[in-house]
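S.K.: Sequence plus the predicted model coming up.
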Amino acid sequence: MTPSTAVAPRRSTAPLRLRRGTALLAAAALLLGLPTVGSASYAEREDARSFVAEVAARHGFEPAELDRALAQARHDPTVIRLITPPTRKGARSWQNYRARFLDRTRIDAGRAFWRAYADELARASARFGVPPEIIVAIIGVETLYGRNTGNFETLSALATLAFDYPPRAELFRRELEALFLLAREQGRDPASYSGSFAGALGYPQFLPSSVRAYAVDFDGDGRIDFDSDAIDAIGSVANYLRTHGWQTNAPVAERARLAPGTDAAALVAAGIEPSLDPGVLERKGVTTLDGRTAAETATVVDLETPGADTEFWLGYRNFYVITRYNRSSFYAMSVFELAEALRLGQLVDEMRASRQ
């Protein structure tokens, strides 16, 4: 994040009593949950009005229609607080991160989700080439299979980020524009959507632009429903991964062994996209944990935990594809490990069923 340029405050000419009174009113508004000056309608702001004019011209909206929609949005300070990176970053811990997603609750709920939607998952896997366990794991990591989809009003969240969060304003203005388009396509009020503080929606936590680009009507009912329909989410997650390059029946990741003296930092610095040829990796002292040469071109992933040895993994093309969903190696590895736990659980269920 680039810090904004500091500007010396202009000395106010308002009477001190008025300034104190304004501060007291603002404090009272915060305590009572009432709108403050900062939460006035975005439709009254010049930057928002310019945005409306541009979007209307690009997509054939009536400007008054977008004005009415944007008038419903309110500044949400909680959104700014949640998206702002901490001033002092704590040490990254893979074990702490992993524990959030590889717990018994998420694994058991994932197995139940798989049983409930076995036919749909098999159909998605056949159509898009993505294994069922990966689809289930992503939905599990994102929203605990639809239990935690967020309760922020999407219109207000995106407007807040588009007009009051300069570091990523351009991104969120695009998403606000996509929300208006999505609402028009779905015949919905833009204010009717809810989701995460960053504007992600439903079971799979797609941003509005991703809903428009990758969502599929997988249950064939003529509409995309991420709020209450897991089936559309199943097909859409699979389509997203396939579109971003998922390779059917190809490996995702495997644990790596580094020979003594291997320059791990240089290998990790090669980037998250696989670019290291198996032969190159072997010459630099990197093999699989059991001593095999890497299966294909890979990246070296370092999973750090303070006070513990760093785990090194070989991330293949499909690992990289998972990071297109969330650009974090911790995220991709948690999806992969949850998927493996779910796959093994499914095998156990199938073995038990075959004995009955």
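M.R.: Done, it's in. Numbering: from 1, shown residues only.

S.K.: list the contacts for the residue lying closest to Y193 once chain neighbours are set aside?
M.R.: Nearest residue to Y193 in three dimensions, chain neighbours excluded: T154, at 3.9 Å (CB to CB, 6 or more residues apart in numbering). (Each C-beta comes from the backbone N, C-alpha and C, glycine too.) By CB atoms under 8 Å, 6 or more residues apart in numbering, the contact set of T154 is L179, P190, Y193, S194, G195, G199, L201, P208.

S.K.: Show only the entries of the residues you listed found in strands.
M.R.: Among the contacts of T154, the residues falling in strands (DSSP state E) are S194, G195.

S.K.: Show me what secondary structure element comes after whatever helix or strand E54 lives in.
M.R.: Using DSSP states H and E, E54 sits within helix 46-59. Next in sequence after helix 46-59, counting helices and strands by DSSP H and E, comes helix 63-70.

S.K.: packing partners for that next one?
M.R.: With contacts defined as 3 or more CB pairs under 8 Å, 6 or more residues apart in numbering; DSSP states H and E, the packing partners of helix 63-70 are helix 46-59, helix 154-164, helix 169-186.

S.K.: at 7 Å instead, please
M.R.: Packing contacts for helix 63-70, counted by 3 or more CB pairs under 7 Å, 6 or more residues apart in numbering; DSSP states H and E, involve helix 46-59.

S.K.: And the helix it packs on, what does it pack against?
M.R.: helix 63-70, helix 169-186.

S.K.: possible to save the ones you listed as CSV with distance to A99 and mean neighbour count?
M.R.: Below are these laid out as CSV (distance: least, CB to CB, whole Å; neighbours: other CB atoms under 10 Å):
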stretch, distance to A99, mean neighbour count
helix 63-70, 41, 18
helix 169-186, 30, 19
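
S.K.: Can I get those helices in CSV including distance to R88?
M.R.: CSV is the format used below for the helices and strands packed on helix 46-59 (distance: least, CB to CB, whole Å):
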stretch, distance to R88
helix 63-70, 36
helix 169-186, 24
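
S.K.: Show me what the longest helix seen in the chain is packed up against.
M.R.: Scanning the chain for the longest helix, with DSSP state H as the assignment, gives helix 329-355. Applying 3+ CB pairs under 7 Å, 6+ apart, one finds that helix 329-355 makes contact with helix 94-101, helix 104-116, helix 132-143, strand 299-303, helix 317-325.

S.K.: any weak-confidence spans in the chain?
M.R.: 1-40 (pLDDT under 70).

S.K.: what number of residues lie near A265?
M.R.: By other CB atoms under 10 Å, the residues close to A265 number 9.

S.K.: again, but for A118
M.R.: Neighbour count for A118, taken as other CB under 10 Å: 12.

S.K.: So that it lines up with my notes, have the first residue be 351 from now on.
M.R.: From this message on, residue numbering opens at 351, which makes the last subject A468.

S.K.: nearest residue to it other than its sequence neighbours?
M.R.: Using CB to CB, 6+ apart, the closest residue to A468 is P482 (7.9 Å).

S.K.: Distance-wise, check the one you found relative to G460.
M.R.: Going from P482 to G460 by CB to CB, to the nearest Å gives 10 Å.

S.K.: Likewise for E654?
M.R.: If you measure E654 against G460 using CB to CB, the figure is 26 Å.

S.K.: Which residue of these two possesses the greater neighbour count?
M.R.: Per other CB under 10 Å, whichever of E654 and G460 has more neighbours is G460, with 24 against 14.
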